[in-house]
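Novice: give me a 3D structure for the following:
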Amino acid sequence: MLRAAGGATVTVRLELDGLVDGQHAGLCHYAATYAGLGVRRSGTTTTIAQNVGGTPTNGPVVTQNAVWLRTTWDVNGVSRFSCSLDGTTYTAFGGTYQLAWGGYRGDRVGLYTYNPNNTGYVDADSVQYTIAPTRACTCVSVRSGKVLDVGGGGTADGAALVQYADKGSANRQRTFQRVTGWGPGRQAVRPERDRFPASPRTTPASGHAVSRKAS
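Specialist: Numbering: from 1, shown residues only. Sure thing, here's the model as predicted:
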């Protein structure tokens, strides 16, 4: 699973014709902790069901044979599940869930189905993994009207920040990424042309957050 600056979304469409009594199926995150949103069949009734760390929550009854499940998360790993009956309008279900980063694999996203009776099946008709684009902007000085740039086009740690006339080029566009460990409201700033994951650093002279270009 990717930790994308603009966030990401996974959407799955499940065909429910094969569900039988006692069966669970759905979309999940799993690592050190886990959470999932899916469907549960009890007798002839199918309901939306969520399980977060072993705590189940039942939702509305589903009377059709298809359902869309979605998980969306931001760069800080704050995830939210939602579901849809038509693939267009999604309704959030439950609260937010904090993904677990780090370790050998970090967080993983998956599909599941199980039944204590070892019967039934579910068809995953489609799975879409979408990485949201990072919004770029220019940082303009209210005094000079010039924009933020990195001196000499540098990409190394500690590169000097300068003001320069805005000519609309990509190297004068910036993306902002929230970072932890620097106190509330701190942001890492990186050039729009640097599309690789970056390690935030602070220049000793200016105190501005800049980034190191990944090799």
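
Novice: thought Ala124 was touching Thr11, still the case?
Specialist: No: with contacts counted by C-beta atoms under 8 Å, Thr11 stays clear of Ala124, the gap being 11.1 Å. All C-beta atoms are positioned from the backbone trio N, CA, C, and that covers glycine.

Novice: more crowded one of those two?
Specialist: Residue environment comparison for Thr11 versus Ala124 gives the larger neighbour count to Thr11, 19 against 13, counting by other C-beta atoms under 10 Å.

Novice: for that one, list each beta-bridge partner.
Specialist: In this structure, Thr11 has beta-bridge partners Arg70, Gln128, where bridges are defined by DSSP bridges.

Novice: that one: what's it in contact with?
Specialist: Contacts were defined as C-beta atoms under 8 Å, 6 or more residues apart in numbering; by that measure Thr11 touches Trp68, Leu69, Arg70, Ser126, Val127, Gln128, Thr130.

Novice: how close does the nearest residue to Asp125 once chain neighbours are set aside sit to Thr88?
Specialist: Nearest non-adjacent residue to Asp125, counting by C-beta to C-beta, 6 or more residues apart in numbering: Arg13, 4.4 Å away. As for Arg13, its distance to Thr88 is 12 Å (criterion: C-beta to C-beta, to the nearest Å).

Novice: in terms of neighbours, single out the busier of those two.
Specialist: Neighbour tally, Arg13 and Thr88, criterion other C-beta under 10 Å: the higher count belongs to Arg13, 16 against 7.

Novice: pretty sure that one is in a strand, no?
Specialist: Yes: with the criterion set as DSSP: H, G, I helix; E, B strand; the rest coil, the secondary structure at Arg13 is a strand.

Novice: that one and Leu27, how far apart?
Specialist: Here the distance between Arg13 and Leu27 works out to 10 Å (C-beta to C-beta).

Novice: sorry, back to before: list the contacts of the residue nearest to Asp125.
Specialist: When contacts are counted by C-beta under 8 Å, 6+ apart, Arg13 touches Ala66, Val67, Trp68, Gly87, Ala124, Asp125, Ser126.
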